[in-house]
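Trainee: My questions are about this predicted structure, shown below with the sequence.
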Amino acid sequence: MFSLEGSLDLPLIWFGLLVTALFLYVLLDGFDLGVGILFPFAPSDECKDRMMNSIAPFWDGNETWLVLSGGGLFAAFPLAYAILMPALYMPVILMLLGLIFRGVAFEFRFKAVKSRFVWDYSFHFGSIVAAFMQGMILGAFVKGVQVEGRSFAGHPFDWLNAYSFMTGVALLFGYALLGATWLVMKTDAITQDWARKCASYVLGYVGVFMGIVSISMPIMNAGVRDLWFTLPNFFYLLPVPLATVALFIFIWRDLHKGVENRPFFLSIGVFLMGYLGLGISLWPWLVPFAVTFRQAAAAATSQSFLLVGTLVILPVVLTYTAFCYYVFRGKASHEGYY
Amino acid sequence: MIEHLDPVLLSRIQFAFTLSFHIFFPAFTIGLASWLAVLEWRWLKTGDTVYAVIYRMWVKIFAVTFGMGVVSGVVMSFQFGTNWSAFSDKAGNILGPLLGYEVLSAFFLEASFLGVMLFGWNRVSRRMHFAATVIVAVGTLISAFWILSANSWMQTPQGFRIAENGLLYPTNWLQIIFSPSFPYRFVHMITAAYLTTAFVAGGIGAFYLRAGRHIREARVMLGMAMIMAIFVAPMQLLFGDMHGLNTFIHQPAKVAAIEGLWETQRGAPLNLFGWPDQEEETTKHAVEIPKLSSLILTHDLNGEVKGLKAWPKDLRPPVLWVFWSFRFMVGIGILMILTGVTALVLYFKKRLFETKWFQYWCTAMTPAGFAAVLAGWFVTEIGRQPYIIQGVMRTKEAVSPVQGLPVAISIGAFVLTYAVVFGAGGYYIIKLIRKGPETEPDVYGSHGVKGPALITDLVSQEEGQHV
């Protein structure tokens, strides 16, 4: 049977692909969800139309990265998928329900006349629930999952605690930052001014929450503490927090100087640093702190079979995704709805 | 009370509910995407704006349907893990890559080019827009290919081995992708999707004709739909029959349930109607046609057909559901064929577009395809019970280590959400249909945008539409 096991470290490659796919999801749907979180606070209906228009051509493709992350986990690490999904049963279902209300609002709101406000709320609260649940999933994930044999052995409400609540709120602010800086880039006039204010407002909260998470993880887990606070690791890893601080300063300055495009990309940098920090802390666990990515790996032939297709198709996907962003480049309009 | 909530039963109900809702959307969008591609092609080829007008009307309905299909589909991709984690663990090596290929090769394609299709009218050339429509249509077919491949493998598994640890390992990917039931299921389902769309389009066309509105567009809709009914509906009967023969070889218990046949016999009769009784192991009040079952299934009047008693009681599917779902599906198929025959007769009498009662009939047939698709999936999915992977894994062994209460709550949440969201979606689709095609040329895209969705540069400025 065909397998690339002898020549490639398949579990490592798939782990890399999976965390990349998930990161792309967090960034891409992050700004969509962020726009949804900020939506009702927009200064006018015209602004709302612009905001919606700035993401309408993209949201579906962005959400597909979530499906790829879920499908990729199932394909490459079925054991982790089979443990994590039951462990996170309720937050995953709630996230999906949130995404339903968010997703249908794009089409429904332009078909509705009198009931448009219903779909505005559906968009807003759907985005909030989806983002908040993703944050809670993150919190439950870093606190660890109870496993016996090959399945989840904890309580259905293990995911629900003060810590995961905090990470839920943290991600709301994180996505709001991405959404606001996206709007600074894709809109102009009063929408842009308002988005700029939002961005500098949530920026502070993002900093506070990133600080809390960074301090709490080493306190909660001895392994994480040893990893970050022993020499010489401490100095190797120091660039991550330092770069984060630098990024915050640059975003702040850009927002106050009126720079349009860079804050969005710098916010991506903030997410990248947070993601890196988490990744370094949790390495090599795929189900913290019970199953590593190597233990969860699918059969080598399965990973090989999908890898061949992925290496061919993924560059194509990235190319036409870039093409679509190029087609819809420029500032969003509020123009001409019936 | 809470400890009596059975997570297996509840997970079955939840999966059946969410999947039954989901299947409506792909069943419609597969056909609609291909039809839109044909319409746009006719428009580019002939320059006749009637096709563009019809396209613009249906692309809005497509957008609403596609949006609902996406959100209900995302739910499916997580439910394998949330509710059937033992199954995911055991069969992940095989089914994971198939679903992975579906996401990579189809979902991204559809999602990305849908944006161009809906909002790209003034931002890309006409040819590029047509290409986007074709790509979306092809994407829906690729998606159907992979998901039906995965489903077919679960019905007729091959190309794997069971390791000592109980997990399944692939041994031959071609055998897995092209399992014995796959070609038949694929052709049968795609044809079903095309017919579903045809009867919707035809029904709406007939509705406009009856009301005396949008006559030109309505004639094209009804005419194109009737071409499908005349040629494709009879073909579907043939495909279905071939699929059934394939099932007879690989899943004989399902066929026995379809037939409501309990005793293994030579020269088995065909039960036209009846009431299969699982407890008493008999089909009551059966209306039989002697020897026909043997003739259809074995092409021999005295061929042997296995009855349900050949399997132990706990390995038989719920017969009543399978038996009646099958008759419902076939019944609708026959009505579709009769519609095609009638249309042909009326066409030669030159009264296809003028006959009032036929317009009523076609309007009544609008939802026929959906009902048939759902009934067909009931036949094949209930018919393979008690197995989730035929002969390899029972459904009750597949469930997650979740408790009944969370599943009961999630079912309630899904029912409520789907009722509100898809109820509203249905309402907006009906509103779009009532409104009908719009002939003013500057309204385009699913959001009815009068100018380009996003301001940029040259194109809109040159045309003086810069805002």
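Mentor: Okay, I see it.

Trainee: Helices of the stretch 1-150 of chain B, start to end?
Mentor: Listed in chain order, the helices found in the stretch 1-150 of chain B under DSSP state H, counting those that start in this stretch are B:7-46, B:49-83, B:85-102, B:108-119, B:126-155.

Trainee: swap that for chain A, please
Mentor: For chain A, the helices defined by DSSP state H cover A:10-38, A:45-55, A:59-76, A:78-87, A:89-111, A:116-143, A:162-186, A:189-220, A:222-229, A:233-237, A:239-257, A:262-282, A:293-296, A:300-327.

Trainee: so which of those gets nearest chain B?
Mentor: Closest to chain B of the helices of chain A is helix A:78-87 (C-beta to the nearest C-beta; 2.3 Å). C-beta here means a position set from N, CA and C on the backbone, and glycine is covered the same way.

Trainee: That closest one to helix B:49-83, inter-axis angle?
Mentor: Regarding helix A:78-87 and helix B:49-83, their directions subtend 90 degrees when assessed with axes from the mean of the first three to the mean of the last three C-alpha atoms, to 10 degrees.

Trainee: which strands and helices sit next to helix A:78-87?
Mentor: Using 3 or more C-beta pairs under 8 Å, 6 or more residues apart in numbering or on different chains; DSSP states H and E as the contact criterion, the secondary-structure elements in contact with helix A:78-87 are helix A:59-76, strand A:151-152, strand A:285-287, strand A:291-292, helix A:293-296, helix B:49-83, helix B:85-102.

Trainee: Could you list the low-pLDDT ranges of chain A?
Mentor: Low-confidence segments of chain A, defined by pLDDT under 70: A:1, A:334-338.

Trainee: Flag every residue of the stretch 151-300 of chain A that's near chain B.
Mentor: A:151, A:152, A:153, A:156, A:298, A:299 (C-beta under 8 Å from any C-beta of the partner chain).

Trainee: Export those residues as CSV, with columns for neighbour count.
Mentor: Written out in CSV, the entries for these read as follows (neighbours: other C-beta atoms under 10 Å in any protein chain shown):
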residue, neighbour count
A:151, 16
A:152, 26
A:153, 15
A:156, 18
A:298, 29
A:299, 23
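
Trainee: And those, which is closest to residue B:124?
Mentor: Of all those, residue A:298 has the smallest distance to residue B:124: 39.7 Å, by C-beta to C-beta.

Trainee: Would you check that the closest one makes contact with residue A:72?
Mentor: No. Under the criterion of C-beta atoms under 8 Å, residue A:298 is not in contact with residue A:72, lying 10.5 Å apart.

Trainee: still on that earlier bit, please identify the most buried of the helices of chain A.
Mentor: Using mean count of other C-beta atoms under 10 Å in any protein chain shown, the stretch among these with the greatest mean number of neighbours is helix A:78-87 (a mean of 28).

Trainee: And the pLDDT for the residue in the stretch 251-400 of chain B that chain A sits nearest to?
Mentor: Among all residues of the stretch 251-400 of chain B, residue B:400 sits closest to chain A, at 4.1 Å; criterion: C-beta to the nearest C-beta. The confidence metric pLDDT takes the value 87 at residue B:400.

Trainee: which bits of the stretch 251-400 of chain B sit near chain A?
Mentor: residue B:400.

Trainee: what about 10 Å?
Mentor: Remark: the part of the stretch 251-400 of chain B in contact with chain A comprises B:399, B:400, using C-beta under 10 Å from any C-beta of the partner chain.

Trainee: where along the stretch 251-400 of chain B do the helices fall?
Mentor: Using DSSP H, counting those that start in this stretch, the helices found in the stretch 251-400 of chain B span residues B:252-259, B:292-298, B:319-348, B:356-364, B:368-383.

Trainee: Nearest approach to residue A:115 belongs to which of the ones you listed?
Mentor: Closest of the helices of the stretch 251-400 of chain B to residue A:115 is helix B:368-383, at 25.4 Å (criterion: C-beta to C-beta).

Trainee: Name the residues of the closest one that are buried.
Mentor: B:368-370, B:372-383 (16 or more other C-beta atoms under 10 Å in any protein chain shown).

Trainee: How far does it sit from its chain's centre?
Mentor: Put simply, helix B:368-383 sits 8 Å off its chain's centre (C-alpha atoms, centre = their mean, to the nearest Å).

Trainee: mind exporting that helix as PDB, just the C-alpha atoms?
Mentor: Taking C-alpha atoms only, helix B:368-383 is exported to PDB below (Å, rounded to 0.1, in the frame of the first residue of the first chain):
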ATOM      1  CA  ALA B 368     -42.100  16.600  -5.900                       C
ATOM      2  CA  GLY B 369     -38.400  16.200  -6.300                       C
ATOM      3  CA  PHE B 370     -37.600  17.200  -2.700                       C
ATOM      4  CA  ALA B 371     -40.100  14.600  -1.400                       C
ATOM      5  CA  ALA B 372     -38.700  11.900  -3.600                       C
ATOM      6  CA  VAL B 373     -35.100  12.700  -2.700                       C
ATOM      7  CA  LEU B 374     -35.900  12.600   1.000                       C
ATOM      8  CA  ALA B 375     -37.900   9.300   0.600                       C
ATOM      9  CA  GLY B 376     -35.000   7.800  -1.300                       C
ATOM     10  CA  TRP B 377     -32.500   8.700   1.400                       C
ATOM     11  CA  PHE B 378     -34.800   7.200   4.000                       C
ATOM     12  CA  VAL B 379     -34.900   3.900   2.000                       C
ATOM     13  CA  THR B 380     -31.100   3.700   1.700                       C
ATOM     14  CA  GLU B 381     -30.200   4.900   5.200                       C
ATOM     15  CA  ILE B 382     -32.900   3.100   7.200                       C
ATOM     16  CA  GLY B 383     -32.500   0.100   5.000                       C
END
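
Trainee: and that helix, what does it pack onto?
Mentor: Contacting helix B:368-383 under the criterion 3 or more C-beta pairs under 10 Å, 6 or more residues apart in numbering or on different chains; DSSP states H and E are the following elements: helix B:7-46, helix B:126-155, helix B:182-211, helix B:215-250, helix B:252-259, helix B:319-348.

Trainee: Distance check, residue B:180 against residue B:247.
Mentor: Distance of residue B:180 to residue B:247, given as C-beta to C-beta, to the nearest Å: 10 Å.

Trainee: The two: which is more packed in?
Mentor: Each of residue B:180 and residue B:247 has its neighbours counted (other C-beta atoms under 10 Å in any protein chain shown); residue B:247 has more, 25 against 19.
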